[in-house]
Each structure stands twice: as structure tokens, then as C-alpha cells.
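Colleague: Structure here, sequence nowhere to be found:
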């Protein structure tokens, strides 16, 4: 055999006569976070947050999800945004969703004794992708920072 025929013989791949059929891929259900914004917030985030707050020992927790103006001085001219408003007896907190997207800009404010909140602060700014568990965790951490969940 010449060197050319040896080279071509080694380059040839054996033919496979039995074609293997690839198994059908399992269809993964969409993640909760991929649901439409209002559906995710009403059906998943708000009930999960309420349950988590009750596990922390808070009673008579009322959570509302609605579109309204931000009640902080200086934001009156801003358009309405979606908000989760939590009433914990004499305390109130609000999570603002400035975009209709859980991964968009979010803000937080809190107040006591039915007063208007005086400041608004960014919320979850370092998280690229928000999830249900992360949003609940960050809310609990923020409320704990106010000493509303546990006293130090």
C-alpha cells in the first residue's frame, strides 16, 4: 500500500448502520419568576412574604399589591408604579417596583404611626436576577434592619 491510500483509509470513519434515535427532551415547566409580573406578585410573592412574616412572629399582617404614586416628598410628580404595601399594626413598609419587572429597579420605604415616609432607598440593587426566595429574604433582612422583626 502506498502512503496515500493508508492516509485515506485512516481518515475514513466507519459507517454506523444502526441509527440511534435521541430520546425526547423533557419539557421543563417555566420558572415562577418567568410568569407575568402581576401574576407572579399576586399569586406567589405576596402570599409567600405574608407567610414568612407570620413565621417571624408578626400577627395581623396585611399586604396589598397595587399601582399608586410614591408617597415620599419629591416623588409626587413621578408616574404611578407597582407597590407591595405591608401594614404591621402601627408600622408600614412599601416595596416599589419602578418597572413592571421583578428584575427592574426597586425601592423601599418605611414609616410608623400612619405618617408619610420621609425617605426612599434602593432595594436589591446588586442582584442581577431576582427570584422569589431572594426577594422574600431581602425584604425580611430589610425589616430586621429596622428592628421590626427581632430586637437586638
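Modeller: Noted; the coordinates are in hand. What you see is a predicted model; the values in this text were computed from it and never measured.
Colleague: switch to C-alpha atoms for all contacts and neighbour counts from now on
Modeller: Noted.
Colleague: for the helix or strand where residue 133 lies, which positions count as buried?
Modeller: Using DSSP states H and E, residue 133 maps to helix 132-145. For helix 132-145, burial by neighbour count (16 or more other CA atoms under 10 Å) applies to 132, 135, 136, 139, 140, 142, 143.
Colleague: just how off-centre is that helix within its chain?
Modeller: Centre-to-centre, helix 132-145 and its host chain are 11 Å apart (CA atoms, centre = their mean, to the nearest Å).
Colleague: Quick one: residues contacting the closest residue in space to residue 48 that isn't next to it in sequence.
Modeller: Excluding the flanking residues, the one nearest residue 48 by CA to CA, 6 or more residues apart in numbering is residue 136, at 7.4 Å. Each residue near residue 136 by CA atoms under 8 Å, 6 or more residues apart in numbering is listed here: 45, 48, 49, 52.
Colleague: Of the residues you listed, which is the nearest to residue 119?
Modeller: Residue 119 lies nearest to residue 49 out of the contacts of residue 136, by CA to CA, at 22.7 Å.
Colleague: for the helix or strand hosting the closest one, what is the average pLDDT?
Modeller: Using DSSP H and E, residue 49 sits in helix 46-55. Helix 46-55 comes out with an average pLDDT of 94.
Colleague: Kindly report the same for stretch 132-147.
Modeller: 92.
Colleague: what residue ranges in the protein are flagged as low confidence?
Modeller: Low-confidence segments of the chain (pLDDT under 70): 1-24, 150-152.
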